[in-house]
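# this one's sequence-less:
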């Protein structure tokens, strides 16, 4: 998703957005498989704050990709 496919499509999300989403994915994966681990509320709060700060970046990436797709449709 963070890589452009030359001649096919641009990247869907920026590298920065990818890194944020990957960090969230890793935390979710760990938590889903850590049956005997207590919640780390500080880590959850940190990720929530970081995600909210980066929300505009991610939304901008997705809107940019949507514009790319609409431009492709107009070219047909």
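That came through fine. None of the values given here were measured: they were computed from a predicted structure.

# Which residue is the nearest non-sequential neighbour of residue 2?
In space, residue 2 comes closest to residue 18 once its chain neighbours are excluded; the distance is 3.8 Å by C-beta to C-beta, 6 or more residues apart in numbering. From N, CA and C alone the C-beta is placed, and that goes for glycine too.

# so which helix or strand takes in the one you found?
helix 15-33 (DSSP states H and E).

# And residue 57, how close does it get to residue 45?
Residue 57 sits 20 Å away from residue 45, going by C-beta to C-beta, to the nearest Å.

# repeat for residue 63
Counting by C-beta to C-beta - residue 63 and residue 45 are separated by 28 Å.

# same check, this time on residue 61
25 Å.

# And residue 7, by the same measure?
43 Å.

# neighbour-wise, which of those two wins?
residue 45 (10 against 5; other C-beta atoms under 10 Å).

# And that one, what's its pLDDT?
If you check residue 45, the pLDDT there is 92.

# do the same with residue 32
Residue 32 is given a pLDDT of 77.

# Now for it, how many residues are close by?
8.

# Which residue ranges of the protein form helices?
15-33, 41-75 (DSSP state H).

# I'd like a version of those helices in a markdown table, one that adds distance to residue 1 as further columns.
Below are the helices of the chain laid out as a markdown table (distance: least, C-beta to C-beta, whole Å):
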| stretch | distance to residue 1 |
| --- | --- |
| helix 15-33 | 6 |
| helix 41-75 | 9 |
